[in-house]
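Visitor: Just the structure for this:
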Amino acid sequence: MEIKQIDGGVTSALGFRAASVAAGIKYKGREDMALVFSDYPCVLAATFTQNVFAAAPVLYDREILKNGNPVHAVIFNTGIANAGTGLRGRETNLFMAAEMARELNVHPDEVLTGSTGVIGYQLSEEPIYEGVKKLKERLDRGPDTDRRVAMAIMTTDTVPKTAACSFEVDGKTVTVGGMSKGSGMIHPDMATMLSVTTTDAKIDQYVLQELVKESVDDSFNMISVDRDTSTNDTYIVLANGQSGVKIEKDTKSYELFREALRFVCISLAKQMAADGEGATRMMEVIVTGAKTHEDARILARSVTASNLVKAMVYGSDANSGRILDALGYAGVDFDPDLVDVTLLHEDEMMLLVQDGVVCRIDEEKATEWMKEKRVSFLCELKQGREGATAWGCDLTHDYVNINGDYRS
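Guide: So this is what the prediction gives:
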C-alpha cells in the first residue's frame with residue numbers, strides 16, 4: 001500500500017482538533033493565535049533552533065521534550081517572537097501555557113508554546129488571557145480549519161502552508177498532517193521557522209525522534225531563503241496512537257510511516273521555499289554522483305543559498321558560472337573536470353556545463369525556461385552514488401522592501 005496525499009493538515013489525524021482567533025497580539029483585523037489539541041495524550045518529538053538567542057517558547061519546549069512526558073497541545077501566537085525578552089518574556093510564555101492548560105483541563109507541562117514575529121517586543125498578558133478562552137470554544141477539525149489555523153500563524157507569509165497524507169496497515173488507516181509558517185529568516189539548522197505535524201500512529205518517543213531528525217535533515221534543513229536562521233525555529237511532532245497501528249523498526253508500517261512523515265516535511269519545506277519573502281519563483285537544486293550524502297547536501301545548499309545564484313534566477317539569466325562558483329566554495333572535495341550542470345524544464349533538459357566546461361546554449365530558450373515558477377538545476381558530480389535536493393527562491397527587490405521596515 002502506497003502513501004496517499006489527502007486534503008488537510010493538523011486535524012487530519014484521528015483525535016486532533018484546532019482553532020484560531022484574533023487576539024490583538026500585534027496585528028489588527030486578523031487572527032493571530034492558534035491552538036492544536038489532541039483529546040488523547042501524545043508522544044512528543046521535536047527539533048529547535050541552534051541560535052544562542054533562543055526565544056522563550058523554545059527554551060520552554062526544550063525542557064518538556066527533555067522530560068519525555070506526554071503532551072496534549074501546542075498554542076501559538078504571531079506578531080511578537082518573545083525573543084530577546086529575558087525573564088519577563090519567559091514568565092509571559094509560562095502564563096500562556098498555564099492559561100491554555102487551565103482552559104483545556106490539562107497540566108501546563110502538557111501544553112507546548114510557539115511564537116513568531118518581531119524580536120525584542122514583550123507579549124502582553126491581557127490579549128493572551130482573552131485569546132485562550134476563545135480558542136477552547138472554537139476547537140474544530142477539517143480542511144477548512146486546517147487552512148485557517150495555518151493562516152493564523154503567518155507573519156510575512158503570503159499563503160498558508162498545509163500538507164497531509166495517509167496509508168493503510170492491515171485495514172487500519174494511519175494519517176500524518178502538518179502546517180508550517182516561514183518566508184523570511186529561513187536557512188534552518190534544525191527545522192523551520194514554526195511548524196507542527198500530527199499523527200494518529202502509535203510510536204515510541206525515541207523511534208519518533210530518530211525519524212523526525214532524519215526527515216528534517218532532508219526537508220526543512222534543505223531550504224534557504226536568505227541565509228538567516230531564526231531565534232524561534234521549532235518543529236513539533238505529536239503522535240496520539242489513535243489509529244491503533246504500532247510503528248516499530250524493521251516492519252512495513254515503519255517504512256510507510258517514514259515515507260509519510262518525509263512526504264509532509266518535504267511538502268511543507270517546498271511551500272516555504274516557494275513563498276520566500278518577495279520571491280517570484282522557487283529554485284530546486286539536485287546534486288547526484290557525490291561521494292557521500294553529506295557532501296551532496298552541502299553542495300545543494302550552497303547553490304540555493306548563493307545570493308548571486310538567487311539574483312540570477314530572479315533575472316532569468318542562465319549564468320552557469322555562478323552555479324560552478326557556489327559548488328566550488330562549498331568546502332567539498334570533488335573533481336571539477338567531471339561536473340555537469342543541466343537546466344531542467346518539464347520533460348526537457350539543457351546542458352549548461354559539461355565536464356567542467358561552460359557550454360554554448362540557446363540563451364533565448366534558457367531565459368524562457370527560467371521564467372517559470374519553478375527553476376530546476378541538476379548538478380552531476382560523477383564521483384559516487386549519493387545525492388540530495390535543496391530548495392530556495394530568487395532574490396528580489398521586494399525582499400529588501402519587506403525587511404527594510406519589518407517592525408512597522
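
Visitor: Dump stretch 246-265 to PDB, keeping only the CA atoms.
Guide: This file holds the C-alpha atoms of stretch 246-265, laid out as PDB (Å, rounded to 0.1, in the frame of the first residue of the first chain):
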ATOM      1  CA  LYS A 246       2.100   0.400  16.100                       C
ATOM      2  CA  ILE A 247       5.100   1.700  14.300                       C
ATOM      3  CA  GLU A 248       8.200  -0.400  15.100                       C
ATOM      4  CA  LYS A 249      11.500  -0.700  13.400                       C
ATOM      5  CA  ASP A 250      12.100  -3.300  10.700                       C
ATOM      6  CA  THR A 251       8.400  -3.500   9.800                       C
ATOM      7  CA  LYS A 252       6.400  -2.400   6.800                       C
ATOM      8  CA  SER A 253       4.400   0.000   8.900                       C
ATOM      9  CA  TYR A 254       7.700   1.700   9.900                       C
ATOM     10  CA  GLU A 255       8.800   2.200   6.300                       C
ATOM     11  CA  LEU A 256       5.300   3.600   5.400                       C
ATOM     12  CA  PHE A 257       5.300   6.000   8.300                       C
ATOM     13  CA  ARG A 258       8.800   7.100   7.500                       C
ATOM     14  CA  GLU A 259       7.700   7.800   3.900                       C
ATOM     15  CA  ALA A 260       4.600   9.600   5.100                       C
ATOM     16  CA  LEU A 261       6.500  11.800   7.500                       C
ATOM     17  CA  ARG A 262       9.100  12.600   4.900                       C
ATOM     18  CA  PHE A 263       6.300  13.500   2.400                       C
ATOM     19  CA  VAL A 264       4.700  16.000   4.800                       C
ATOM     20  CA  CYS A 265       8.100  17.600   5.700                       C
END
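
Visitor: The longest strand along the chain: partners in the sheet, and parallel or antiparallel?
Guide: Longest strand of the chain, by residue count under DSSP state E: strand 33-48. Paired with strand 33-48 in the same sheet, following DSSP bridges, are strand 16-21 (antiparallel), strand 71-80 (antiparallel), strand 234-239 (antiparallel).

Visitor: got the contact list for the last one?
Guide: By CB atoms under 8 Å, 6 or more residues apart in numbering, the list of residues contacting strand 234-239 from outside reads 16, 36, 38, 42-49, 57-58, 61, 71, 74, 112, 114, 190-203, 208, 212, 216, 220, 261. Placement of C-beta: from N, CA and C, glycine included.

Visitor: Can you list the low-confidence ranges for this protein?
Guide: 1, 183-193, 225-230, 276-279, 396-408 (pLDDT under 70).

Visitor: Recalculate using a threshold of 50.
Guide: Applying pLDDT under 50 to the chain flags residues 184-186, 190-192, 406.

Visitor: How far away from the center of its chain is the helix or strand containing V212?
Guide: When elements are assigned from DSSP states H and E, V212 belongs to helix 205-217. Offset of helix 205-217 from its chain centre (CA atoms, centre = their mean, to the nearest Å): 14 Å.

Visitor: so M222 makes contact with L268?
Guide: No. Taking CB atoms under 8 Å as the definition, M222 is not a contact partner of L268, at 12.0 Å.

Visitor: These two: who's more crowded?
Guide: Ranked by neighbour count (other CB atoms under 10 Å), M222 and L268 place L268 first, with 27 against 24.

Visitor: so that one sits in a helix?
Guide: Yes. Under DSSP: H, G, I helix; E, B strand; the rest coil, L268 sits within a helix.

Visitor: wait, what's in contact with it?
Guide: So L268 contacts K161, T162, A163, G178, M179, S180, T192, S195, S219, F220 (CB under 8 Å, 6+ apart).

Visitor: Kindly report the same for A19.
Guide: A19 touches A34, L35, F37, K134, L135, K136, E137, R138, L139, D140, T145, V149, counting by CB under 8 Å, 6+ apart.

Visitor: for T304, same thing?
Guide: I223, S224, A273, M283, V285, K310, A390, W391, G392.

Visitor: Excluding covalently adjacent residues, which one is nearest to it?
Guide: G392 (3.3 Å; CB to CB, 6 or more residues apart in numbering).

Visitor: So in terms of bridging, what pairs with the one you found?
Guide: S224, M283.

Visitor: Hmm, it is touching M282, no?
Guide: Yes. If you go by CB under 8 Å, G392 and M282 touch, sitting 7.4 Å apart.

Visitor: picking that back up, now, of the contacts of T304, which are buried?
Guide: For the contacts of T304, a burial check counting by 16 or more other CB atoms under 10 Å picks out I223, S224, A273, M283, V285, K310, A390, W391, G392.

Visitor: gap between the fourth one and T198?
Guide: When CB to CB, to the nearest Å is the yardstick, M283 and T198 sit 30 Å from each other.

Visitor: Would you state the helices of the stretch 1-150 of the chain in chain order?
Guide: In the stretch 1-150 of the chain, the helices defined using DSSP state H, counting those that start in this stretch lie at 56-67, 86-104, 125-137, 143-152.

Visitor: Throw the ones you listed into a markdown table and include distance to F377 and mean neighbour count, thanks.
Guide: Formatted as a markdown table, the entries for the helices of the stretch 1-150 of the chain read as follows, by distance: least, CB to CB, whole Å; neighbours: other CB atoms under 10 Å:
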| stretch | distance to F377 | mean neighbour count |
| --- | --- | --- |
| helix 56-67 | 34 | 19 |
| helix 86-104 | 42 | 19 |
| helix 125-137 | 44 | 18 |
| helix 143-152 | 30 | 22 |
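
Visitor: In JSON lines, list the ones you listed along with distance to K373.
Guide: Below are the helices of the stretch 1-150 of the chain laid out as JSON lines (distance: least, CB to CB, whole Å):
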{"stretch": "helix 56-67", "distance to K373": "33"}
{"stretch": "helix 86-104", "distance to K373": "38"}
{"stretch": "helix 125-137", "distance to K373": "35"}
{"stretch": "helix 143-152", "distance to K373": "21"}
